[in-house]
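Student: Okay, sequence plus prediction incoming.
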Amino acid sequence: MHDHHEDRWYGLFSRGARDWLRHNQKIRASVRENLPRLIAEADVITADGERRVRMPVRFLEHYRFRLARESEQSGVGQGSNVKPGDVLKPAQPQQGEGEEGAGAGGSGNGGFDFVLEMKLDEIIDWLWEELALPDLQPRHSSEIEDDQWQREGWNKRGARARLDRRRTLKEAVKRRAVTEGQPAFIDEDLRYRQLRRRPQPESRAVVLFGLDASSSMGERERVLAKSFFFWALQGVRRRYPRLDTAFIAHTVEAWEFSEEEFFQVSGQGGTVASTCFDKALEILDERYDPASYNIYFFYASDGENFPDDHQGAVASLTRLQGLANFSGYVEVGAHGHIPRYPETSRIFDEVIGDNGRGGRYALHTEDDVWEAIRAFFTRQAEV
Amino acid sequence: MRSNALVYQQEIEALGRSLGLDYFPVQFEQVPAEFMLEIASYGLPVRMPHWSFGVRYIHQLIQHRMGHSHIFEVVVPGDPGHAYLMDSNRDTENALVTAHVLGHADFSKNNLLFRRVQDQAGYHIVEQAARHAQQITDAMERHGQQRVERLLDAAFALEQHVDIHQDLHRTRYPGVRPVEAPPNAEDPFTARYRSLADDAPTEAGGSAPARAPVPPHPEQDLLWFIAHYAPELEGWERDIFLAVREESFYFQPIFACQIMNEGWASYWHARLLREADFLPQEMYVDAIKTHSDVVRPYGGEEQIALQVNPYHLGFRLWEKIIEAQGMAAARQIMSLEDDFSFIRNHLDDALARELNLFQFRTRRRQREVAVGDYDLDAIKEALLAPKYHFGAPRISVTELGSGGELRLHHDHRVDGRGLDPESARKVLGYIHSVWRRPVRLQTVNSHGKPVELTPAEA
């Protein structure tokens, strides 16, 4: 006598599920507030947006007035073999059983945790909403080559010059694997590259990260730099679907690293920032033509730089910021550990000044990361 | 919706009426498990949406999926009454449930507390609650989900803080003009203007116009007070506060008579089945087994329970009363009393010992339970303690301070100790978001010293 039609009728009005979903939305909002800390610990910089972050959360509590807990509470029980003075040890405290109803104010110890899974992209979207951050402005299309011939799949017909030998061979191998005793190549195997004229809507960007890896940069400083880099990268990624990254660490010399190595690097000796700027210029020169890339440069340091390097650093940075959409400097370190007006700040101020194509921020704690990100992205939008 | 007759429904009803049951017609409805869980979570089939119900619902769902709970029925009093039965109940279970429902219907038509509330609220809570739900949905469309939600956070947090001894449709304090929203800071002109404009007769020689204080006495009905005296509450917001209050009035008798009511329904399902000679023998045996599952004192295999099953306790109390004093006297008790008088008047030594009731203290730190000396008064007190004041601490509005400040006071002497400060500050936060002026609460800390709590940041 089970009528599925009727079940659907009730299902349409599933208020329980609706209110549960609303609860979960609110949970997400409260998780969002803790994001800065969560992400500072997360081991992700270039993780793609599909990556999921799992975090355990508690049920939200709807508070009521309730009396302070006592160390002793009295109650009434029922049992045949119980004498006054007996001491009973309940095996397991019962979990929130029968706690509903107008009278039950919730015991407050409801240990039900559940795991919330979120896409990194989703988190980033929140953040942009939350901080009301604008999207980045790419450079005007006139500055960047507008369309490009781009490869797009293969065709069985085409100009001789575009024959894809490798692909053709693959097709032949596939065909011969299916049926024995076949000729080596037939016309059907031929594959030609297809080209299509495609506008490139200023979609390419490269982000260069520079890190002072000298001995004065401790674990704390690196974590701060890393979380700023992470968020800056996520923000840039929102705007540019095609994004390259390069990681440069330096002491008195600069090297390019993979992302994993980047944050492990620790060098001996002092800081010569110009080496880092030069390395960045070198990478741009080799791989990223400023005519077809939006370029972002971020540099993190504790602010010390060899005084002798001043002229060189200013010269290199001037060239670099001329090519980049934006050059940002984050000064990392605890309060008091940084001199009042550190050398590196002077360099950036001298080069960037008020031209709007760069900025600098001081990060003392994780909470400063948000301010810095906000400052960076709002400033960018005004350019 | 299935309202087709349940097995032996007519016969059971006829038998019930012949034995003196007196009730409004009951509409029986068999519903799927999901819907049943909702009714159990919300207390009503359709109720205002709020995220906190989502948490209750998911707890119910987990309990249900793990097989820990089996809800046979939920009864909603009214004229007609509504009974929702799990559609997976077996026929024998439904015979028992039908009889049980009639017991509840008899109780809610005749018990004074139920009658009082229903006379004021009408006998159609199901429809009213559905209308309230619609009201909320409309308000959300007009004013935004967040704003309505914040209002409900406050209203539902205070749902126990009503005074059911006052009228449901209680008006403002007599003789006192509505408080205008007092400006935060009065400039000299406004201050002078207000004193001039006050043409109420002032007491001879009085320099300032004497205003009747609001509230004239400590006010326990916080929902009512906020609805009528919050300086900036808009009309639709007040309506929602009063809608929550109305539902609270409806739930209060259910809470205050749980032991009596469940006991009465259990007594009647047992009795009706026993006398139902129309039931086949095997069905009777099966039903009696279900009965003993419902009214047993212990869960599972255990021999000791650290709580008392209200079905069991109420059932045994009624059996004893009816045996000793007869049905007429029992019906009199049923119509006049609530759990407080029921336990105090009728739980005697003989029954307490027969039921092996004991009183204990839980030591949280050691995670152990110490059984105390047998003491009937202590047992009664411990049974009733969670039920006082709708299960909530006694908090009242004592006065309105300058600038419209809301001053609350917790009666720690009667409650025996202070409030949990953390949750209290959160609730003050909810209140503050609707009162929109400063809010303060007096209670005591763990050393018994007076403390003043202010709202937690939202």
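Tutor: Thanks, I have the structure now.

Student: For whichever helix or strand B:M283 is part of, list the C-alpha coordinates in CSV.
Tutor: Assigned by DSSP states H and E, B:M283 falls within helix B:281-294. The C-alpha atoms that make up helix B:281-294 are tabulated as CSV, following Å, rounded to 0.1, in the frame of the first residue of the first chain:
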residue,chain,number,x,y,z
GLN,B,281,-6.2,-13.3,19.9
GLU,B,282,-2.8,-13.2,18.2
MET,B,283,-3.3,-9.5,17.5
TYR,B,284,-3.9,-8.9,21.1
VAL,B,285,-0.8,-10.7,22.2
ASP,B,286,1.3,-8.8,19.7
ALA,B,287,-0.2,-5.5,20.8
ILE,B,288,0.5,-6.2,24.4
LYS,B,289,4.1,-6.9,23.5
THR,B,290,4.3,-3.5,21.9
HIS,B,291,2.7,-2.0,24.9
SER,B,292,5.3,-3.4,27.3
ASP,B,293,8.0,-2.1,25.0
VAL,B,294,6.6,1.3,25.2
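
Student: Quickly check: it near chain A or not.
Tutor: No: judged by Cβ under 8 Å from any Cβ of the partner chain, helix B:281-294 and chain A are separated, with a smallest distance of 14.2 Å. Every residue, glycine included, has its C-beta placed from N, CA and C.

Student: got the buried residues for that helix?
Tutor: Neighbour counts using 16 or more other Cβ atoms under 10 Å in any protein chain shown place B:M283, B:Y284, B:D286, B:A287, B:I288, B:T290, B:H291, B:V294 of helix B:281-294 among the buried residues.

Student: Domain parsing of the chain, as residue ranges.
Tutor: Since no chain was named, I'll use chain A. According to automatic domain parsing, chain A comprises the domains A:15-60+A:112-130, A:147-199, A:204-382.

Student: should've been chain B
Tutor: In the domain annotation for chain B, the residue ranges read B:9-121+B:255-300, B:393-458 (automatic domain parsing).

Student: Packed most tightly, which of those would that be?
Tutor: Taking mean count of other Cβ atoms under 10 Å in any protein chain shown as the contact definition, the stretch among the domains of chain B with the greatest mean neighbour count is domain B:9-121+B:255-300, which reaches a mean of 20.

Student: Can you list the low-confidence ranges for chain A?
Tutor: Low-confidence segments of chain A, defined by pLDDT under 70, are located at A:1-13, A:30-57, A:90-118, A:120, A:126-151, A:196-203, A:334-340, A:379-383.

Student: picking up where we left off before, give me the contacts around the helix holding B:M283.
Tutor: Contact partners of helix B:281-294, identified using Cβ atoms under 8 Å, 6 or more residues apart in numbering or on different chains, comprise B:72, B:90-93, B:95-96, B:266, B:269-270, B:273, B:276, B:279, B:311.

Student: Can you pull the poorly scored residue ranges out of the stretch 101-250 of chain B?
Tutor: Low-confidence regions of the stretch 101-250 of chain B, defined here as pLDDT under 70, cover residues B:175-211.

Student: which residues in it form helices?
Tutor: If you assign secondary structure with DSSP state H, counting those that start in this stretch, the helices in the stretch 101-250 of chain B sit at B:112-121, B:125-143, B:145-157, B:188-197, B:222-229, B:235-256.

Student: of all these, which lies closest to chain A?
Tutor: Closest approach to chain A among the helices of the stretch 101-250 of chain B (Cβ to the nearest Cβ): helix B:235-256, 4.5 Å.

Student: Would you mind putting the contacts of helix B:281-294 into CSV with distance to B:L222 and secondary structure alongside?
Tutor: As requested, the contacts of helix B:281-294 are arranged in CSV below (distance: Cβ to Cβ, whole Å; DSSP: H, G, I helix; E, B strand; the rest coil):
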residue, distance to B:L222, secondary structure
B:F72, 35, coil
B:R90, 45, coil
B:D91, 47, helix
B:T92, 47, helix
B:E93, 42, helix
B:A95, 44, helix
B:L96, 41, helix
B:S266, 35, helix
B:H269, 38, helix
B:A270, 41, helix
B:L273, 45, helix
B:A276, 48, coil
B:L279, 50, coil
B:Y311, 32, helix
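
Student: that older thread, quick check: which of the domains of chain A is buried the most?
Tutor: That would be domain A:204-382, which, of those, has the most neighbours on average (mean count of other Cβ under 10 Å), namely a mean of 19.

Student: returning to what we had before: need the buried residues of helix B:281-294 in CSV with pLDDT, can you?
Tutor: Listed next are the buried residues of helix B:281-294 as CSV, based on pLDDT from 0 to 100:
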residue, pLDDT
B:M283, 85
B:Y284, 86
B:D286, 85
B:A287, 85
B:I288, 84
B:T290, 85
B:H291, 87
B:V294, 82
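
Student: with those in mind, which one is nearest to chain A?
Tutor: Of all the buried residues of helix B:281-294, chain A sits closest to B:V294, with 14.2 Å by Cβ to the nearest Cβ.

Student: List the buried residues of stretch B:124-143.
Tutor: Under the neighbour-count criterion of 16+ other Cβ under 10 Å, stretch B:124-143 has B:I125, B:V126, B:Q128, B:A129, B:A130, B:H132, B:A133, B:Q135, B:I136, B:A139, B:M140 buried.

Student: ok, now which ones touch the first one?
Tutor: Listed by Cβ under 8 Å, 6+ apart, the contact partners of B:I125 are B:L44, B:V76, B:P77, B:G78, B:Q118, B:E247, B:Y250.

Student: One more pass at 10 Å, please.
Tutor: B:43-44, B:47, B:76-78, B:82, B:117-118, B:132, B:246-247, B:249-251 (Cβ atoms under 10 Å, 6 or more residues apart in numbering or on different chains).

Student: if we look at chain A, which of those are close to it?
Tutor: Within the set of the contacts of B:I125, contact with chain A (Cβ under 10 Å from any Cβ of the partner chain) is found for B:G43, B:R47, B:E247, B:Y250, B:F251.

Student: so how many other residues sit close to the fourth one?
Tutor: When you say that, I think you mean B:Y250. By the criterion of other Cβ atoms under 10 Å in any protein chain shown, B:Y250 has 25 neighbours.

Student: on that earlier part again, pipe the contacts of helix B:281-294 into a markdown table and attach distance to A:D308 per row.
Tutor: Rendered in a markdown table, the data for the contacts of helix B:281-294 read as follows (distance: Cβ to Cβ, whole Å):
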| residue | distance to A:D308 |
| --- | --- |
| B:F72 | 87 |
| B:R90 | 92 |
| B:D91 | 96 |
| B:T92 | 96 |
| B:E93 | 91 |
| B:A95 | 98 |
| B:L96 | 95 |
| B:S266 | 93 |
| B:H269 | 96 |
| B:A270 | 98 |
| B:L273 | 100 |
| B:A276 | 105 |
| B:L279 | 104 |
| B:Y311 | 88 |
